[in-house]
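Peer 1: Here is my input, please return the structure:
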Amino acid sequence: MSALFRRFATAVAVLATLGAAPARADPLGLWSTPGGKAKVKISACGAALCGAIVSLREPTDETGKPKLDINNADAAKRGRPIVGLSLLSGMIPDGDRWAGQIYNPEDGKTYKAYMTPQADGGLKIEGCALAGLVCKTQVWTPAN
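Peer 2: Numbering: from 1, shown residues only. Sure thing, here's the model as predicted:
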């Protein structure tokens, strides 16, 4: 076999393995929610992962003031800005996904949550109620 052919075969083998890259090992980093509505930064928080809203596509309300956590069940927390709000908490490895909790500022409730890295680089987020019988799913994409 010629040296040129061996180099070509090696290059083809390397490219083939790159195309079969595994899903992202962990969800650390900056993510964009569907439609670019919000950006969420997922980081280590002790032994678990957590995520906070770092920006909103529309950060202010109709009066020009920052959007607040007005739907929170705890009246004392309704004055908190949405930007900076902790969204994901206690996310720990659970097989090929992460399990913890997610807070939904649209209804002010906290749900059981799962994060699953996707082969295409996305992050599937599931929020579940009624002991996991009813789940809502979103796929977040890496953000800049």
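
Peer 1: Pairing partners for the closest residue to G90 other than its chain neighbours in the sheet, please.
Peer 2: Ranked by CB to CB, 6 or more residues apart in numbering and with sequence neighbours excluded, the top spatial neighbour of G90 is G100, at 3.9 Å. All C-beta spots, glycine's among them, are computed from the backbone N, C-alpha and C. Assessed by DSSP bridges, G100 has beta-bridge partners A113.

Peer 1: right, and G100 touches G51 too?
Peer 2: No. Contact criterion CB atoms under 8 Å: G100 and G51 do not qualify, at 9.3 Å.

Peer 1: Looking at these two, which one has more neighbours?
Peer 2: Counted by other CB atoms under 10 Å, G100 and G51 do not tie: G51 has more neighbours, with 28 against 19.

Peer 1: Surely G35 forms part of a helix?
Peer 2: Yes. Under DSSP: H, G, I helix; E, B strand; the rest coil, G35 sits within a helix.

Peer 1: And for the nearest residue to it once chain neighbours are set aside, the neighbour number?
Peer 2: Leaving out its chain neighbours, the residue that sits closest to G35 by CB to CB, 6+ apart is R57, at 7.7 Å. Other residues near R57 come to 11 when the count uses other CB under 10 Å.
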